[in-house]
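[1] Pasting the sequence and the predicted model now:
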Amino acid sequence: MVNLGDIAKATGYSKATVSRVLSGDPSFTAKESTRHRVIQVANELGYALRTSRAGVPQTIAVLENFDPSNGPQDSYFSDLRESLRERAVENMMSLAFFPTVDALIDAADEFSGFVSIGPAPIAQDDLDRLYEAFSHGVFIDINPAPALFHSVRPDLQQTVIDAIYTLREQGRQRIAFIGGDGHMMGSHVFAQDPRTVAFNEWAHLLDMPTDGYVCASGPFTVENGRSQAEALLDACTDDLPDAVLVAADPLAVGVVQVLAARGLRVPDQIAVVSIDNLQVCEYTAPTLSSYAIERSELAETALLLLSDAIVGRFMHKHHVLLSTRLVVRQSFIPVHGTTAQ
(Lines give C-alpha, C1' and ligand atoms only; values in the text may rest on other atoms or scores of the structure.)
Protein backbone atom coordinates (compact mmCIF):
# COMPACT_ATOMS: atom_id res chain seq x y z
CA MET A 1 0.00 0.00 0.00
CA VAL A 2 1.46 3.35 -1.07
CA ASN A 3 2.16 5.83 1.73
CA LEU A 4 3.43 9.39 2.00
CA GLY A 5 6.98 8.18 2.47
CA ASP A 6 6.91 6.38 -0.87
CA ILE A 7 5.74 9.54 -2.63
CA ALA A 8 8.32 11.66 -0.83
CA LYS A 9 11.08 9.29 -1.91
CA ALA A 10 9.90 9.26 -5.53
CA THR A 11 9.60 13.04 -5.77
CA GLY A 12 12.57 14.10 -3.67
CA TYR A 13 10.40 16.35 -1.51
CA SER A 14 10.01 16.07 2.24
CA LYS A 15 7.24 13.96 3.72
CA ALA A 16 5.79 17.13 5.29
CA THR A 17 5.60 18.84 1.89
CA VAL A 18 3.95 15.82 0.32
CA SER A 19 1.45 15.59 3.17
CA ARG A 20 0.42 19.23 2.96
CA VAL A 21 0.05 19.11 -0.83
CA LEU A 22 -2.03 15.95 -0.83
CA SER A 23 -4.21 17.10 2.06
CA GLY A 24 -5.07 20.24 0.11
CA ASP A 25 -3.86 22.52 2.90
CA PRO A 26 -4.88 26.00 1.64
CA SER A 27 -2.40 27.71 3.97
CA PHE A 28 0.53 25.90 2.39
CA THR A 29 2.19 27.87 -0.38
CA ALA A 30 4.25 25.85 -2.84
CA LYS A 31 5.38 26.28 -6.41
CA GLU A 32 2.82 24.99 -8.84
CA SER A 33 5.49 22.75 -10.34
CA THR A 34 5.98 21.16 -6.90
CA ARG A 35 2.28 20.54 -6.42
CA HIS A 36 1.95 19.19 -9.94
CA ARG A 37 4.86 16.77 -9.43
CA VAL A 38 3.54 15.48 -6.10
CA ILE A 39 0.02 14.91 -7.46
CA GLN A 40 1.37 13.32 -10.64
CA VAL A 41 3.56 10.84 -8.74
CA ALA A 42 0.77 10.09 -6.27
CA ASN A 43 -1.53 9.19 -9.15
CA GLU A 44 1.16 7.10 -10.85
CA LEU A 45 1.77 5.14 -7.63
CA GLY A 46 -1.94 4.59 -7.06
CA TYR A 47 -2.29 6.79 -4.00
CA ALA A 48 -5.92 7.84 -3.40
CA LEU A 49 -6.20 11.59 -2.86
CA ARG A 50 -8.26 12.32 0.23
CA THR A 51 -9.55 15.76 -0.71
CA SER A 52 -10.55 17.60 -3.85
CA ARG A 53 -8.63 20.65 -2.61
CA ALA A 54 -5.41 18.86 -3.48
CA GLY A 55 -6.21 19.30 -7.15
CA VAL A 56 -7.07 22.99 -7.01
CA PRO A 57 -4.14 24.99 -8.42
CA GLN A 58 -2.94 27.92 -6.31
CA THR A 59 -2.32 29.91 -9.49
CA ILE A 60 -4.08 29.26 -12.77
CA ALA A 61 -3.04 30.43 -16.23
CA VAL A 62 -5.74 32.10 -18.32
CA LEU A 63 -5.51 32.58 -22.08
CA GLU A 64 -7.47 35.69 -23.10
CA ASN A 65 -8.54 34.61 -26.56
CA PHE A 66 -10.58 37.74 -27.34
CA ASP A 67 -10.18 41.49 -27.83
CA PRO A 68 -12.01 43.44 -25.08
CA SER A 69 -11.70 46.65 -27.12
CA ASN A 70 -14.21 45.37 -29.70
CA GLY A 71 -17.17 46.78 -27.78
CA PRO A 72 -20.54 45.13 -27.03
CA GLN A 73 -19.89 42.01 -29.06
CA ASP A 74 -17.06 41.04 -26.68
CA SER A 75 -18.52 42.35 -23.40
CA TYR A 76 -19.79 38.80 -22.85
CA PHE A 77 -16.21 37.57 -22.61
CA SER A 78 -15.19 40.49 -20.40
CA ASP A 79 -18.02 39.53 -18.05
CA LEU A 80 -16.90 35.91 -18.20
CA ARG A 81 -13.35 36.90 -17.25
CA GLU A 82 -14.66 38.72 -14.18
CA SER A 83 -16.75 35.70 -13.20
CA LEU A 84 -13.67 33.51 -13.47
CA ARG A 85 -11.76 35.94 -11.30
CA GLU A 86 -14.50 35.90 -8.64
CA ARG A 87 -14.73 32.12 -8.59
CA ALA A 88 -10.95 31.83 -8.34
CA VAL A 89 -10.94 34.04 -5.25
CA GLU A 90 -13.64 31.87 -3.65
CA ASN A 91 -11.40 28.83 -4.24
CA MET A 92 -8.33 30.62 -2.85
CA MET A 93 -6.72 30.71 -6.28
CA SER A 94 -5.01 33.50 -8.17
CA LEU A 95 -5.07 34.09 -11.92
CA ALA A 96 -2.27 34.90 -14.35
CA PHE A 97 -3.52 36.25 -17.68
CA PHE A 98 -1.79 35.73 -21.02
CA PRO A 99 -2.68 37.52 -24.27
CA THR A 100 -1.27 34.97 -26.72
CA VAL A 101 -0.64 31.25 -27.07
CA ASP A 102 3.11 31.92 -27.29
CA ALA A 103 3.15 33.86 -24.03
CA LEU A 104 1.20 31.10 -22.30
CA ILE A 105 3.49 28.35 -23.57
CA ASP A 106 6.59 30.30 -22.45
CA ALA A 107 5.26 30.24 -18.88
CA ALA A 108 4.02 26.63 -18.93
CA ASP A 109 6.50 25.38 -16.29
CA GLU A 110 4.84 27.61 -13.68
CA PHE A 111 1.35 26.07 -14.00
CA SER A 112 -0.41 22.72 -13.81
CA GLY A 113 -3.04 23.73 -16.36
CA PHE A 114 -4.85 26.57 -18.06
CA VAL A 115 -8.28 27.94 -18.87
CA SER A 116 -9.00 29.72 -22.16
CA ILE A 117 -11.67 32.38 -22.59
CA GLY A 118 -12.75 33.65 -25.98
CA PRO A 119 -13.92 32.65 -29.45
CA ALA A 120 -10.94 33.35 -31.69
CA PRO A 121 -9.90 30.35 -33.84
CA ILE A 122 -6.61 28.74 -32.80
CA ALA A 123 -4.43 27.04 -35.41
CA GLN A 124 -3.97 23.29 -35.07
CA ASP A 125 -0.20 23.72 -34.73
CA ASP A 126 -0.75 26.04 -31.78
CA LEU A 127 -3.17 23.58 -30.18
CA ASP A 128 -0.60 20.82 -30.53
CA ARG A 129 2.05 23.06 -28.97
CA LEU A 130 -0.31 23.87 -26.10
CA TYR A 131 -0.86 20.19 -25.45
CA GLU A 132 2.89 19.53 -25.42
CA ALA A 133 3.29 22.29 -22.84
CA PHE A 134 0.19 21.54 -20.74
CA SER A 135 -1.36 18.18 -19.94
CA HIS A 136 -4.52 19.87 -18.73
CA GLY A 137 -6.61 22.68 -20.16
CA VAL A 138 -10.24 23.80 -20.35
CA PHE A 139 -11.74 25.96 -23.08
CA ILE A 140 -14.76 28.06 -22.20
CA ASP A 141 -17.33 28.75 -24.91
CA ILE A 142 -15.53 26.96 -27.76
CA ASN A 143 -14.33 23.40 -28.29
CA PRO A 144 -11.31 23.69 -30.60
CA ALA A 145 -9.54 20.43 -29.69
CA PRO A 146 -11.97 17.82 -28.29
CA ALA A 147 -9.32 15.09 -28.17
CA LEU A 148 -6.76 17.26 -26.36
CA PHE A 149 -8.60 19.51 -23.92
CA HIS A 150 -11.83 19.75 -21.94
CA SER A 151 -14.51 22.34 -22.72
CA VAL A 152 -17.46 24.09 -21.07
CA ARG A 153 -20.07 25.81 -23.23
CA PRO A 154 -23.60 27.16 -23.05
CA ASP A 155 -26.05 24.88 -24.84
CA LEU A 156 -26.94 27.35 -27.58
CA GLN A 157 -28.70 24.84 -29.80
CA GLN A 158 -31.07 23.83 -27.00
CA THR A 159 -31.60 27.53 -26.26
CA VAL A 160 -32.80 28.08 -29.83
CA ILE A 161 -35.17 25.12 -29.56
CA ASP A 162 -36.54 26.42 -26.26
CA ALA A 163 -37.05 29.87 -27.77
CA ILE A 164 -38.93 28.51 -30.78
CA TYR A 165 -41.33 26.53 -28.62
CA THR A 166 -41.84 29.42 -26.20
CA LEU A 167 -42.69 31.78 -29.06
CA ARG A 168 -45.02 29.25 -30.69
CA GLU A 169 -46.77 28.64 -27.39
CA GLN A 170 -47.81 32.30 -27.45
CA GLY A 171 -49.16 31.87 -30.98
CA ARG A 172 -46.22 33.31 -32.92
CA GLN A 173 -46.07 31.32 -36.16
CA ARG A 174 -43.92 33.41 -38.50
CA ILE A 175 -40.67 33.36 -36.58
CA ALA A 176 -37.64 34.92 -38.26
CA PHE A 177 -34.01 34.46 -37.28
CA ILE A 178 -31.05 36.86 -37.34
CA GLY A 179 -27.55 35.57 -36.59
CA GLY A 180 -23.90 35.82 -37.56
CA ASP A 181 -21.01 34.00 -39.20
CA GLY A 182 -19.34 30.70 -38.49
CA HIS A 183 -18.34 28.58 -35.60
CA MET A 184 -15.31 26.46 -34.77
CA MET A 185 -15.63 22.84 -33.68
CA GLY A 186 -12.41 20.92 -33.37
CA SER A 187 -10.08 22.00 -36.16
CA HIS A 188 -13.01 22.75 -38.46
CA VAL A 189 -14.56 26.15 -39.08
CA PHE A 190 -18.17 25.94 -40.20
CA ALA A 191 -19.90 28.63 -42.23
CA GLN A 192 -22.96 28.47 -40.00
CA ASP A 193 -23.10 29.19 -36.30
CA PRO A 194 -24.77 26.41 -34.22
CA ARG A 195 -27.69 28.74 -33.41
CA THR A 196 -28.40 29.10 -37.14
CA VAL A 197 -28.07 25.35 -37.69
CA ALA A 198 -30.51 24.64 -34.86
CA PHE A 199 -33.02 27.19 -36.11
CA ASN A 200 -33.00 25.88 -39.69
CA GLU A 201 -33.27 22.27 -38.53
CA TRP A 202 -36.19 22.87 -36.18
CA ALA A 203 -37.96 25.24 -38.55
CA HIS A 204 -37.91 22.40 -41.08
CA LEU A 205 -39.11 19.84 -38.51
CA LEU A 206 -41.95 22.12 -37.41
CA ASP A 207 -42.87 23.16 -40.96
CA MET A 208 -42.11 26.82 -40.25
CA PRO A 209 -41.47 29.25 -43.14
CA THR A 210 -37.79 30.01 -43.73
CA ASP A 211 -37.61 31.62 -47.19
CA GLY A 212 -36.66 35.21 -46.53
CA TYR A 213 -36.99 34.66 -42.79
CA VAL A 214 -33.38 33.77 -42.03
CA CYS A 215 -30.52 36.30 -42.17
CA ALA A 216 -27.34 34.96 -40.62
CA SER A 217 -24.05 36.36 -41.88
CA GLY A 218 -21.39 38.83 -40.81
CA PRO A 219 -20.15 39.83 -37.33
CA PHE A 220 -22.16 39.87 -34.12
CA THR A 221 -22.39 43.67 -33.96
CA VAL A 222 -25.08 46.31 -33.55
CA GLU A 223 -24.38 47.59 -37.06
CA ASN A 224 -24.81 44.16 -38.58
CA GLY A 225 -28.01 43.69 -36.62
CA ARG A 226 -29.38 46.82 -38.22
CA SER A 227 -28.25 45.76 -41.68
CA GLN A 228 -29.75 42.29 -41.44
CA ALA A 229 -33.00 43.58 -39.94
CA GLU A 230 -33.37 45.94 -42.91
CA ALA A 231 -32.76 43.05 -45.31
CA LEU A 232 -35.22 40.83 -43.47
CA LEU A 233 -38.04 43.39 -43.51
CA ASP A 234 -37.43 44.22 -47.18
CA ALA A 235 -37.64 40.51 -48.07
CA CYS A 236 -40.88 39.98 -46.14
CA THR A 237 -42.90 43.08 -47.00
CA ASP A 238 -45.99 41.05 -47.89
CA ASP A 239 -45.86 38.75 -44.88
CA LEU A 240 -43.90 40.24 -41.99
CA PRO A 241 -42.71 37.93 -39.22
CA ASP A 242 -44.56 38.11 -35.91
CA ALA A 243 -41.38 37.30 -33.96
CA VAL A 244 -37.62 37.56 -34.43
CA LEU A 245 -35.18 35.30 -32.61
CA VAL A 246 -31.74 36.93 -32.51
CA ALA A 247 -28.52 34.99 -31.91
CA ALA A 248 -26.86 37.59 -29.67
CA ASP A 249 -27.73 40.80 -27.84
CA PRO A 250 -25.54 43.20 -29.87
CA LEU A 251 -27.36 42.09 -33.02
CA ALA A 252 -30.69 42.46 -31.22
CA VAL A 253 -29.95 46.08 -30.30
CA GLY A 254 -29.70 46.87 -34.01
CA VAL A 255 -32.84 44.87 -34.76
CA VAL A 256 -34.92 46.80 -32.22
CA GLN A 257 -33.62 50.09 -33.61
CA VAL A 258 -34.72 49.20 -37.13
CA LEU A 259 -38.16 47.98 -36.03
CA ALA A 260 -38.71 51.28 -34.23
CA ALA A 261 -37.56 53.26 -37.27
CA ARG A 262 -40.02 51.30 -39.46
CA GLY A 263 -42.87 52.08 -37.07
CA LEU A 264 -43.36 48.45 -36.04
CA ARG A 265 -44.52 47.94 -32.46
CA VAL A 266 -42.54 45.55 -30.25
CA PRO A 267 -43.87 43.18 -29.00
CA ASP A 268 -47.42 43.79 -30.25
CA GLN A 269 -46.61 43.33 -33.93
CA ILE A 270 -43.21 41.66 -33.72
CA ALA A 271 -41.76 40.05 -30.60
CA VAL A 272 -37.98 40.04 -30.19
CA VAL A 273 -36.04 37.45 -28.19
CA SER A 274 -32.26 37.39 -27.91
CA ILE A 275 -29.44 35.37 -26.36
CA ASP A 276 -26.69 36.41 -23.88
CA ASN A 277 -28.54 38.71 -21.43
CA LEU A 278 -25.90 41.44 -21.51
CA GLN A 279 -26.46 44.57 -19.46
CA VAL A 280 -27.41 46.46 -22.63
CA CYS A 281 -30.73 44.56 -22.63
CA GLU A 282 -31.93 46.79 -19.80
CA TYR A 283 -31.39 49.99 -21.77
CA THR A 284 -33.02 49.34 -25.14
CA ALA A 285 -36.50 50.62 -25.96
CA PRO A 286 -38.31 48.38 -25.35
CA THR A 287 -36.06 46.42 -23.01
CA LEU A 288 -34.91 43.08 -24.42
CA SER A 289 -36.04 39.63 -23.32
CA SER A 290 -32.93 37.47 -23.54
CA TYR A 291 -31.72 34.00 -22.60
CA ALA A 292 -29.14 34.35 -19.85
CA ILE A 293 -25.86 32.49 -20.13
CA GLU A 294 -24.68 32.03 -16.55
CA ARG A 295 -21.07 33.20 -16.64
CA SER A 296 -20.51 32.24 -13.02
CA GLU A 297 -21.59 28.66 -13.71
CA LEU A 298 -19.33 28.44 -16.76
CA ALA A 299 -16.38 29.70 -14.70
CA GLU A 300 -17.04 27.39 -11.76
CA THR A 301 -17.46 24.35 -14.01
CA ALA A 302 -14.23 25.14 -15.84
CA LEU A 303 -12.28 25.35 -12.58
CA LEU A 304 -13.77 22.09 -11.31
CA LEU A 305 -12.98 20.34 -14.60
CA LEU A 306 -9.40 21.55 -14.49
CA SER A 307 -8.97 20.51 -10.86
CA ASP A 308 -10.40 17.05 -11.45
CA ALA A 309 -8.22 16.61 -14.53
CA ILE A 310 -5.09 17.52 -12.59
CA VAL A 311 -5.70 14.84 -9.96
CA GLY A 312 -6.29 12.25 -12.69
CA ARG A 313 -10.01 11.63 -12.24
CA PHE A 314 -10.73 11.42 -15.97
CA MET A 315 -9.62 8.93 -18.59
CA HIS A 316 -11.32 10.88 -21.38
CA LYS A 317 -11.93 14.51 -22.20
CA HIS A 318 -15.15 15.97 -20.86
CA HIS A 319 -17.29 18.46 -22.78
CA VAL A 320 -19.97 20.08 -20.66
CA LEU A 321 -23.05 21.94 -21.93
CA LEU A 322 -24.88 24.31 -19.55
CA SER A 323 -28.51 25.28 -19.98
CA THR A 324 -29.76 28.86 -20.20
CA ARG A 325 -32.83 30.67 -18.80
CA LEU A 326 -35.11 33.29 -20.29
CA VAL A 327 -34.98 36.68 -18.58
CA VAL A 328 -38.29 38.32 -19.49
CA ARG A 329 -38.45 42.01 -20.29
CA GLN A 330 -40.68 44.11 -22.55
CA SER A 331 -39.77 42.81 -26.02
CA PHE A 332 -41.43 39.44 -25.40
CA ILE A 333 -43.57 38.19 -22.51
CA PRO A 334 -44.33 34.47 -22.80
CA VAL A 335 -47.61 32.85 -21.87
CA HIS A 336 -46.21 32.06 -18.45
CA GLY A 337 -44.39 35.38 -18.16
CA THR A 338 -42.09 36.37 -15.32
CA THR A 339 -40.27 39.56 -14.51
CA ALA A 340 -36.63 40.19 -15.26
CA GLN A 341 -34.22 38.83 -12.67
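    The structure has been received and is ready for your questions.

[2] In this structure Ala299 contacts Ile140, no?
    Yes - the pair Ala299 / Ile140 is scored as a contact, 7.4 Å apart, by CB atoms under 8 Å. C-beta here means a position set from N, CA and C on the backbone, and glycine is covered the same way.

[3] Quickly list what's touching both of the two.
    Here Ala299 and Ile140 have Leu80, Leu84 as joint contacts, going by CB atoms under 8 Å, 6 or more residues apart in numbering.

[4] Comparing these two, which residue is more hemmed in?
    Ile140 (29 against 24; other CB atoms under 10 Å).

[5] is it true that the more buried one touches Pro119?
    No - judged on CB under 8 Å, Ile140 makes no contact with Pro119 at a distance of 9.8 Å.

[6] Mind jotting down where the helices sit in this protein?
    Ranges of helices in the chain, per DSSP state H, are 4-11, 15-22, 32-45, 75-90, 101-106, 124-133, 156-169, 194-205, 222-235, 249-261, 295-310.

[7] In the fourth one, which residues are buried?
    Meaning helix 75-90. Neighbour-count burial for helix 75-90, with 16 or more other CB atoms under 10 Å as criterion, is recorded at Ser75, Tyr76, Phe77, Ser78, Asp79, Leu80, Arg81, Ser83, Leu84, Arg87, Ala88.

[8] Ignoring the adjacent residues along the chain, who's closest to the last one?
    Spatial nearest neighbour of Ala88, chain neighbours left out: Leu95 (5.2 Å); criterion: CB to CB, 6 or more residues apart in numbering.

[9] and that neighbour, how many residues sit next to it?
    Neighbours of Leu95 (other CB under 10 Å): 16.

[10] List the residues that contact the spatially most central residue of the chain.
    Centroid-nearest residue in the chain: Asp141, 2.7 Å away (criterion: CA atoms, centre = their mean). Going by CB under 8 Å, 6+ apart, Asp141 touches Phe77, Leu80, Ile117, Gly118, Pro119, Val152, Arg153, Pro154, Leu298.

[11] Closest to Ala30 out of the residues you listed?
    Nearest to Ala30 among the contacts of Asp141, counting by CB to CB, is Ile117 at 26.3 Å.

[12] Quick check, the closest one in contact with Phe66.
    Yes - in this structure, Ile117 is within contact of Phe66 by CB under 8 Å, at 6.7 Å.

[13] any common contacting residues for these two?
    Joint contacts of Ile117 and Phe66 (CB under 8 Å, 6+ apart) are Phe77.

[14] Now for Thr237, how many residues are close by?
    Counted by other CB under 10 Å, the residues lying close to Thr237 total 8.

[15] Can you read off the pLDDT for it?
    Confidence at Thr237, expressed as pLDDT, is 85.

[16] How about Tyr131?
    95.

[17] Identify the residues contacting it.
    Each residue near Tyr131 by CB under 8 Å, 6+ apart is listed here: Gly137, Ala145, Leu148, Phe149.

[18] farthest-separated two in the residues you listed?
    Distance extremes for these: the farthest pair is Gly137 and Ala145 at 8.5 Å, using CB to CB.

[19] Who has more neighbours out of those two?
    Shown here are Gly137 and Ala145; by other CB under 10 Å, Gly137 has more neighbours (27 against 21).

[20] ok, that one to Ile333 distance?
    Applying CB to CB, to the nearest Å, the value for Gly137 to Ile333 is 42 Å.
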